[in-house]
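Colleague: prediction below, plus the sequence it came from.
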Amino acid sequence: MRRMRNVKIVATLGPASDTYEMIRALHEAGADVFRLNMSHGSHEEIAEKHAIIRKIEEDTGSSIGILADLQGPKLRVGVFADESEMLEEGAKFRLDLDTAEGDSNRVCLPHPEIFAALEPGKTLLVNDGKIRLTVEACGADFADCVVVAGGVISNRKGVNVPDVELPLAALSDKDRADLEFVAELGVDWMALSFVQRPADVEEARDLVKGRAAILSKIEKPNAVERFDEILAASDGIMVARGDLGVELPVQNVPPIQKRLVRKCRKVAKPVIVATQMLESMIESPMPTRAEVSDVATAIYEGADAVMLSAESAAGSYPIEAVTTMDRVAAEVEQDPTYTQIIEASRSVNGGSVADGIVAAAREIAETADIKAICCFTQSGTTALLVARERPRVPIIALTPLVGTARRLALSWGCNCVITGVMDRFKGAVVGAAKAAREQGFAGENDQIVVTAGVPFNVTGTTNILRVAPCDERLIYSTDPE
């Protein structure tokens, strides 16, 4: 299913989008990748959604990506005798390991690892940052705090510790069970929550064993500080702005978003911008002007994908939300300023033969009358390198591997076509020309650029480029092979 845009759309599935009819409608409206939120739903419900997506893929002939988003450790306070308490600014409040019900002076925080990492002067945030506590004194089983920003605290509200690296793994016991389940089920991407260090990514990679690509969610200040290391260990990145905006001053998030997107593009790894993109469309059929601007900004920055969360999972207008995002993306990409910004942010990359081939392909495509860049890829690396260039012409990624096509559904501009196994370059050129015509990217009188690696079917061997006609008779008449 050809899109009239390059940026991809990720839609989260939930109670508002759990039937074949609705999920197919979301795909036809513009969703390229579906997110399964492992924080909600049983394994049986997740498996049902997965099966529906694969059936839609079969019925439509599309390559649809599936992203499983692991919950990560959840840090929460205990319960109160009266269910909630009002904390006044300037008041004293203790967090401890005592499991007795809380009151206006204290409550249980059943996470000894937090106390082990705390120091006086550090900050604790409760209920998405609405309540802010500063640690005055602490020990192995308590933290005496002063209330800096007060409010109502109630049972099991979430706790954030923004300025401390916690001795917690990104994967809880639940996450490990969920990871194994969805890896066996056959998802394409695995999103890790609570990433603080590259070791968190490596642990997940050891468990996944190549069955899915690893995407790290950047939602903690520690992850921002160690981003280069985390990026090197990951296959992709999600800029999870909701949690970042809790743990960091909100004005810090936009420049961080811009910086992370550019770093991902430089190393040719897909990046999703996520959280509250069209939040008002949970209840309204129309977004706010500010939300439209927010989506547009992520696209202008060069993000590979933008994501809907509750808007498509639990909102009243899931199809309208996807349609809005699709229309905003198409409009932005037609803006001459978009092209100027994207090309101005293009960096000189690498020094490998593959880097040179894809840069040359983009240059030729933009200086000659070329309709598409067709790249043959086993692992998806060549397509990612071409996407990094952000060419003005469409990218057709041809691969014999269904899994590679599904993973590339997340990557900017990649239109994936499943091909047979190729063993000769002329056959690849003929296949590329046929695909370009059948997908509506070129006509018989047009030309395409074809890149591939010889020998075929070996990962990382991109070493050949050809400008070819789309008329197969011309290919055979001009190629003595």
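Modeller: All right, it came through fine.
Colleague: can you list the domains in the protein?
Modeller: 8-72+170-342, 84-160, 353-478 (automatic domain parsing).
Colleague: now for residue 345: which residues touch it?
Modeller: By C-beta atoms under 8 Å, 6 or more residues apart in numbering, the contact set of residue 345 is 262, 265, 302. Where C-beta positions appear, they are placed from N, C-alpha and C, glycine not excepted.
Colleague: report how many residues lie close to the second one.
Modeller: Looking back up the chat, that one is residue 265. The tally of other residues near residue 265 (other C-beta atoms under 10 Å) stands at 25.
Colleague: you'd agree it is up against residue 258?
Modeller: No. The pair residue 265 and residue 258 fails to qualify as a contact (C-beta atoms under 8 Å) at a distance of 11.0 Å.
Colleague: re the thing from before, give me the subset of the contacts of residue 345 lying in strands.
Modeller: Using DSSP state E, no member of these falls in strands.
Colleague: got JSON lines for these, with pLDDT too?
Modeller: Output for these, formatted as JSON lines (pLDDT from 0 to 100):
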{"residue": "262", "pLDDT": "96"}
{"residue": "265", "pLDDT": "96"}
{"residue": "302", "pLDDT": "96"}
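Colleague: nearest to residue 333, of those?
Modeller: Among those, residue 302 lies closest to residue 333 (C-beta to C-beta), at 11.0 Å.
Colleague: quick one: low-confidence ranges for the protein?
Modeller: For the chain, the stretches with pLDDT under 70 are 350, 460, 475-481.
Colleague: could you redo the last one with a cut-off of 80?
Modeller: 1, 348-351, 422-423, 454, 456-461, 472-481 (pLDDT under 80).
Colleague: helices of the stretch 151-300 of the chain, start to end?
Modeller: For the stretch 151-300 of the chain, the helices defined by DSSP state H, counting those that start in this stretch cover 173-185, 198-208, 221-225, 227-233, 241-247, 253-266, 289-300.
Colleague: returning to that earlier point: now tabulate the contacts of residue 345 in a markdown table and tack on distance to residue 216.
Modeller: Shown next, in a markdown table, are those (distance: C-beta to C-beta, whole Å):
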| residue | distance to residue 216 |
| --- | --- |
| 262 | 17 |
| 265 | 16 |
| 302 | 19 |
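Colleague: tell me the one among these nearest to residue 234.
Modeller: residue 265 (14.1 Å).
Colleague: how far away is the closest one from residue 300?
Modeller: 13 Å (C-beta to C-beta, to the nearest Å).
Colleague: looking at the domains of the chain, which is closest to residue 78?
Modeller: Per C-beta to C-beta, nearest to residue 78 of the domains of the chain: domain 84-160, 3.3 Å.
Colleague: ends of the closest one, what's the gap?
Modeller: Domain 84-160 has an end-to-end distance of 19 Å (C-alpha to C-alpha, to the nearest Å).
Colleague: before we move on, back to that, output the domains of the chain in JSON lines; the columns should cover distance to residue 2.
Modeller: Output for the domains of the chain, formatted as JSON lines (distance: least, C-beta to C-beta, whole Å):
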{"stretch": "domain 8-72+170-342", "distance to residue 2": "10"}
{"stretch": "domain 84-160", "distance to residue 2": "40"}
{"stretch": "domain 353-478", "distance to residue 2": "6"}
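Colleague: can you point me to the longest helix in the chain?
Modeller: helix 43-60 (DSSP state H).
Colleague: got the contact list for that one?
Modeller: Here helix 43-60 has contacts from 1, 13, 18-20, 23-24, 27-28, 34, 36, 38, 41, 62-64, 66, 68, 178, 181-182, 185-187, using C-beta under 8 Å, 6+ apart.
Colleague: go with 6 Å
Modeller: 1, 13, 20, 23, 24, 27, 34, 36, 64, 66, 181, 185 (C-beta atoms under 6 Å, 6 or more residues apart in numbering).
Colleague: widest-spaced pair of the residues you listed?
Modeller: Largest pairwise distance in the contacts of helix 43-60, by C-beta to C-beta, is 28.8 Å, between 1 and 181.
Colleague: how about the contacts made by residue 385?
Modeller: Contacts of residue 385 by C-beta under 6 Å, 6+ apart are 268, 354, 358.
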